[in-house]
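A.B. asks: structure for this input, please:
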Amino acid sequence: MRKVNFLAKRIWLVLLALSLAACDGAWNNPYPAQDGGANVMYSSFSERPKHLEPARSYNSNEYAFIGQIYEPPLQYHYLKRPYELIPLTATEVPQPAFFDAAGQPLPKDVDPLKVARSVYTVRIRPGIRYQPHPAFAQDAQGKPVYLSLTAEDVARVYTLADFKKTGTRELVAADYVYEIKRLAHPALQSPILGTMADYIVGLSEYAKTLQSAYEKGKASGNPFLDLTGYPLEGVSVVDNYTFTIAVKGVYPQLVYWLAMPFFAPMPPEVDRFYSQAGLAKKNITLDWYPVGTGAYMLSVNNPNLEMILERNPNYRGDLYPSEGDVGDREAGLLADAGKPMPFIDKVVYKLETESIPSWNKFLQGYYDASGINSESFDQAVQVGAKGDMTLTDSMREKGIRLSTNVATSSFYMGFNMRDPEVGGLGERARKLRQAISIAMDYEEYVSIFANGRGIAAQGPIPPGIFGYVEGEKGINRYVYDWVDGKPKRKSTEYARKLLVEAGYPYGVDAVTGKPLVLNLDIAASGPDDKARLDWYRKQFQKINLQLVIRNTQYNRFQEKMQKGTAQIFMWGWNADYPDPENFLFLLYGPFGKVEKNGENAANYVNPEFDRLFDRMKNMASGPERQVLIDEMVELVRNDAPWIWGMHPKDFGLYHAWYLNAKPNLMSHNTLQYKRIDPGLRSQRRAEWNRPIMWPLVVLAVGSVLLLIPAFMVYRRSERQTPGGAS
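C.D. replies: Prediction:
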């Protein structure tokens, strides 16, 4: 009996444990139980950030982190549209002073062609302090603790946290000057050095000076360059809170760059700290542990698992904006007006390499916001008869909100204008490109491969950027007709007619008698790419052209683009700043990829376009500038160096507890504006993740029932007399 009683007790203990566990909360919660009501935001990332160093970083997945840490002088208003530059650490948006070749001041309304130099004076606010960091640590005598590490010191540390002492100091103008100098550091290979060297006075020569000094330092065993000892002609410190930047001629786009992390401050002592021998081998580098004055600091960098941003204890607490756009107040976006930021204490990013697990965690309430991938689109969004998109009933029942925006981005198919078959400005190649542009049905592409999340492009400038023209006046008439109040792609028959005029009747070269075979160079390795590549082939087949897909690794693809051996290619561009110059320069001849390693991937050269670009690029946006842009867009539509492709739409989903969410395609420091209602989140998580107990109960009861026969046999045997029945 003792064995049976013990077994029965074990069964009841299991059932009791299951009941208690059910009362304790959701079993599928991936976070510590003590964080259930914490002021923490939960998000995800899909790939490791390559650079967290401001002079080198140039990718959106990196900016998601460093934009919260580093603070350039300027930022974009979080709520206002069109995008408006406002001060961040600066006291105002700087306005240029103009000077002629003799150094004499010129009036504000001077002809830009007479300006030899523009000088921007940037004044920053006093009292801004850096996050705690070992580079600032000092001993009782005020001397740095960790700027002269020995080999023994380095041997004892493995992470930044192993440096027990930290410190801080005030942000000063010299820190901004130091970072601008770092753009020319030969070891950093900043992606914007070429652009900035064309404008910032003396930066090109400065890069050569640093190259020579760096090589000498390496030869002598001391590669660290203390840039405070190398003056830069065009950038100088006026006082603790003021510095100047001199640019060649007129360059109004400089203020946009002053809102990007490239122009964030860098304390010289931080640069010196990370340059010490042995630290890089332990990943104790600026690329791993950024240092800034922003609302957050990176407390955990484990890109194989999670990244964590925590509130910077030294942050000054800028105030949430008190004004916004029409409708923002009604949408609740001004409820926190005038309150100090940030609102969230900690942001946890979990690595999610697959979209389905990330989507399921969002639905369970374990991620606060989500995008929409192809697999989950139908579950989240329903498309109306007129093409309008709304949330499905299941999403609305959860209190989820939908936000959509046409991105300031362009994805296109480009022609290598140096190619003997598809390139050049001759009529034959031009009509060939126009015919292919008509055949490539990007409305169908958006419908099939983007679930309607995009619009077919009419030219190089996306909506939301000055120069973009709405309606009938804005269509590409080489590809579209205006029918019933909207653009309609020209017919396949018309495209075939253009092919005949180009000398390729039925896709056959009239001179050689051979079918025209064209090559698309691409780096495609995803699971959906086969269907996409098949679709490309079918578009060409519609006009009897053969398309060969030359799929390759991305590094090999980049090499082809650099050498100009690709014939047709896929490319894209996200706006650095909200100005048409940032898109039209992609077709500017002097920025050709083969000749200058520039961003003109098509290697397009049209002297008239270049002449207009030189006039347009430095003009203030207004009617006169619009006229020039219209002429430039008409030229490239006719020449067709690109098949204009699409402008994607960004879709965002937000839970009811995720507040102050308004997409901002230009700002990088948006986390400080967001707010979480942890109480509501905990409540909804509990409702959506109730443990399903009945399978376990059935299993337990089934186990008991299976034991009953054994129990009965055991009872009978216990009653029997040894040696047999009596």
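
A.B. asks: only C-alpha atoms from now on, for both contacts and neighbour counts.
C.D. replies: OK.

A.B. asks: hmm, who's touching the top strand by length along the chain?
C.D. replies: Identified as the longest strand of the chain according to DSSP state E is strand 642-654. Applying CA atoms under 8 Å, 6 or more residues apart in numbering, the external contacts of strand 642-654 come out as 368-372, 400-415, 433, 436-437, 440, 442, 446, 453-460, 462, 602, 661.

A.B. asks: which ones among those residues map onto strands?
C.D. replies: Secondary structure of these is defined by DSSP E; positions in strands are 369-370, 401-406, 409-415, 454-456.

A.B. asks: low-confidence stretches in the chain?
C.D. replies: Regions of the chain meeting the criterion pLDDT under 70 cover residues 1-26, 385-386, 692-697, 700-701, 703-704, 710-711, 714-715, 718-726.

A.B. asks: how near is the residue nearest to residue 85 when sequence neighbours are not counted to residue 652?
C.D. replies: Setting aside the residues directly before and after it, residue 85 is nearest to residue 76 in space (CA to CA, 6 or more residues apart in numbering), at 4.5 Å. Look at residue 76 and residue 652: by CA to CA, to the nearest Å, they are 20 Å apart.

A.B. asks: look at the two and report which has more neighbours.
C.D. replies: Here residue 76 and residue 652 are compared on neighbour count by other CA atoms under 10 Å; more neighbours surround residue 76, at 24 against 17.

A.B. asks: if I look at that one, how far off is residue 576?
C.D. replies: The separation that residue 76 has from residue 576, given CA to CA, amounts to 12 Å.

A.B. asks: how about residue 190?
C.D. replies: When CA to CA is applied, the distance between residue 190 and residue 576 equals 15 Å.

A.B. asks: the stretch of helix or strand residue 569 belongs to: which residues count as buried?
C.D. replies: Counting by DSSP states H and E, the secondary-structure element that holds residue 569 is strand 568-574. Across strand 568-574, burial judged by 16 or more other CA atoms under 10 Å covers 568-570, 573-574.

A.B. asks: quick one: which of these is nearest to residue 350?
C.D. replies: Using CA to CA, the shortest approach to residue 350 within those belongs to residue 574, at 25.1 Å.

A.B. asks: please name the nearest non-neighbouring residue to that closest one.
C.D. replies: The shortest distance from residue 574 to any residue other than its chain neighbours is 4.4 Å, reached at residue 409 (CA to CA, 6+ apart).

A.B. asks: the one you found against residue 571, yeah?
C.D. replies: No - under the criterion of CA atoms under 8 Å, residue 409 lies out of contact with residue 571, with a separation of 11.0 Å.

A.B. asks: common neighbours of residue 76 and residue 576, please.
C.D. replies: Applying CA under 8 Å, 6+ apart, one finds that residue 76 and residue 576 are jointly contacted by residue 666.

A.B. asks: number of nearby residues for residue 184?
C.D. replies: Other residues within reach of residue 184, judged by other CA under 10 Å, total 26.

A.B. asks: ugh, typo on my part, it should be residue 405
C.D. replies: Each residue near residue 405 was counted by other CA under 10 Å, and the total is 17.

A.B. asks: report the beta-bridge partners for it.
C.D. replies: Counting by DSSP bridges, residue 405 forms beta bridges with residue 650.

A.B. asks: so who does it touch?
C.D. replies: Neighbour list for residue 405: 649-651, 663 [criterion: CA under 8 Å, 6+ apart].

A.B. asks: just the buried residues out of those, in ChimeraX syntax.
C.D. replies: Only the buried members of the contacts of residue 405 end up in this ChimeraX selection, burial being decided by 16+ other CA under 10 Å:
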select :649,650,651,663
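
A.B. asks: which single one of the contacts of residue 405 is nearest to residue 115?
C.D. replies: Distance to residue 115 across the contacts of residue 405 (CA to CA) is lowest for residue 663, with 38.1 Å.

A.B. asks: that closest one in helix, strand or coil?
C.D. replies: coil (DSSP: H, G, I helix; E, B strand; the rest coil).

A.B. asks: same check, this time on residue 582
C.D. replies: Local secondary structure at residue 582 is given as helix here, using three-state DSSP.

A.B. asks: from what I see, it and residue 575 are in contact.
C.D. replies: Yes - contact criterion CA under 8 Å: residue 582 and residue 575 qualify, at 6.5 Å.

A.B. asks: thinking again about what came up before, ok, so of the buried residues of strand 568-574, who is nearest residue 148?
C.D. replies: Using CA to CA, residue 574 is the member of these that sits closest to residue 148, with 42.1 Å.
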